[in-house]
Every structure is written in C-alpha cells, then in structure tokens.
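Novice: With the sequence up front, the predicted model follows.
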Amino acid sequence: MTGVITASEPSWTAPFSGLSPRQFGKLITALRREGAAPVRRGRPWSLPLEDRVLLVTAYWRTNLTLRQLAPLFGISKSAADRIIDRAGPLLALQSRKRFRRDMVLIVDGTLVPTRDHEIAEQSKNYRYSTNHQVVIDADTRLVVVVGRPLPGNRNDCRAWSESGAKTAVGTTTTVADGSYRGTGLVIPHRRHAKDEKLPAWKQAHNKSHKQVRARVEHVFARMKTWKILRDCRLKGDGVHHAVLGIARLHNLALTG
C-alpha cells in the first residue's frame, strides 16, 4: 500500500509540520543525533524516521483521527497509533536548565480541552481541560519551560508551583498577570479599594507590563494553530508530549 503523504516530497512538509523543508531537515538531524533511530533487531518500522516524524506532526496539526490519517501514509491505524506513541515523546522540548542573570521570562497558563477525564477537569470554559504553564523568553519569544499538565480547574497561582515550572525557573525575573498574586512574580499594580485611583507612574507601569506580557499570548496563538491543542483525544501523557513537541516546533520555526 502506497501512501499519499511523504517527507521525501518537500511540498508536504510545511502544511503538515509548520516547518520549511530546511527546518524539518534540521529537526531530523537533531533527532538522529539524540538517538531517535537506533539500529535494533526485530521487525523494522513501516516508515522511515522522516515519515514517522511527519505523521506525528500532521496528527498534531490537523487533529484528524487515526482512521483518517493512517491511509494517507499508507499504513494501518494500529501502526499509526504505535508511531505516535513512540515518536511523539522524542519530539519533546527539553526545558532550559540555565538562564542569564539579565534574562526576563513571561509565564502564563493555557487550557487545552482534553477528553481523558482522568487528568482533566471542568474549567472556566465549561469543558474538561488541562492547565499548562508555559514560560517564554521575553526577548526572543522562545518557549523555555513547559510545566506538567494539571486539571483545568486549578488556578494559575497554584499550577505555577505544582506543575514544576516554578522550580525550573528558579530566581529568574518572571512577568505574569494578576492571577499570580502572592507568588513573587512581577505582576500589575492593583487597587486596594474600589474607588482608589492608581498614581500615574503605576498606570504607566501597568501599561508597559501589559504590552510585554502580551507576547506570551502571541505564542499561545501560534502554538494553537496545531489543532490538537483545541481538542486533544490523547490519553495519559499524550497531551503533555503534544504540548512539549509543539513548543519545540514553534521554537524551530522562529529560529530557522
């Protein structure tokens, strides 16, 4: 059975991975260097590494069911399922370990509708979702840390510490919105009384804070062009691997 979509045809790369052929080639080279395609005994994969990676990114980007996607690559549904389970984690972004002293980060939480009710809870959008704490570099807009997913009914203040994002960031200066009150992060000035008026310097600070913090919202908008982040059918750690993998693809698309 011959598939329609293949990484050997460069025209398929951009629409199904969000990367140019050159960027996709850099990703494959990095994965080989990380040991993603070891020579092992037993039955070989039905697709080469390039096509397996393209299948995973196509699944994340289109959110087609495996019954729809597998025939496009000329394989069975079960084979596609195994490829996503094995190759998905290989694409995961590795959180940065060290940060420059003058570095400024931005954190915010985003909700991903998730059908696995063992890890998701009803959230403010009235859907079963998971809360993902995403930290970016304020200058480059690159994702540097992604916390473990938590139930969607956890507020950002609590999710910041429980997801592991706080530990990963350490003492690095981090900007956040008002929902992170009491965490020690840089948040907007608040009024202590309903009729209180903030002084001009606090209003100016809040305005610049809002402009800087908007960058993380732009990152979320880019990441959610991968439709799996709008309705994730994966179970267990699947949603976490998807967010990490999409973060890596986002970074690669920015840096070229």
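Specialist: Structure received.

Novice: For the stretch 151-256 of the chain, which segments count as strands?
Specialist: With DSSP state E, counting those that start in this stretch as the criterion, the stretch 151-256 of the chain has strands at 173-175.

Novice: Next, the contact list for Val56, please.
Specialist: Neighbour list for Val56: 83-84, 87-88, 91, 245 [criterion: CB atoms under 8 Å, 6 or more residues apart in numbering]. (Each C-beta comes from the backbone N, C-alpha and C, glycine too.)

Novice: got those residues as TSV, with pLDDT columns?
Specialist: Below are the contacts of Val56 laid out as TSV (pLDDT from 0 to 100):
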residue	pLDDT
Ile83	94
Ile84	96
Ala87	93
Gly88	94
Leu91	96
Gly245	97
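
Novice: So which of those belong to helices?
Specialist: If you go by DSSP state H, those have 83-84, 87-88, 245 in helices.

Novice: with those residues in mind, which one is nearest to Ala200?
Specialist: Among those, Gly245 lies closest to Ala200 (CB to CB), at 45.2 Å.

Novice: how close does that closest one sit to Gly182?
Specialist: As judged by CB to CB, to the nearest Å, Gly245 and Gly182 stand 33 Å apart.

Novice: quick one: which of the two has more around it?
Specialist: Set Gly245 next to Gly182 and count neighbours by other CB atoms under 10 Å: Gly245 wins out with 23 against 7.

Novice: mind listing what the closest residue to that one other than its chain neighbours touches?
Specialist: Nearest non-adjacent residue to Gly245, counting by CB to CB, 6 or more residues apart in numbering: Leu91, 3.7 Å away. For Leu91, the contact set (CB under 8 Å, 6+ apart) comprises 27, 31, 53, 56-57, 241, 244-245, 248-249.

Novice: follow-up on the earlier one: dump the ones in helices among the contacts of Val56 to TSV, plus distance to Ala204.
Specialist: Listed next are these as TSV, based on distance: CB to CB, whole Å:
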residue	distance to Ala204
Ile83	52
Ile84	49
Ala87	49
Gly88	45
Gly245	40
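
Novice: Quick check on those residues: which are buried?
Specialist: 83-84, 87-88, 245 (16 or more other CB atoms under 10 Å).

Novice: Now do whichever helix in the chain runs longest: which elements does it pack against?
Specialist: Ranked by number of residues, the top helix in the chain under DSSP H is helix 200-223. Packed against helix 200-223 by the contact rule (3 or more CB pairs under 8 Å, 6 or more residues apart in numbering; DSSP states H and E) you find strand 104-113, strand 128-137, strand 173-175, helix 238-255.

Novice: Thank you, goodbye.
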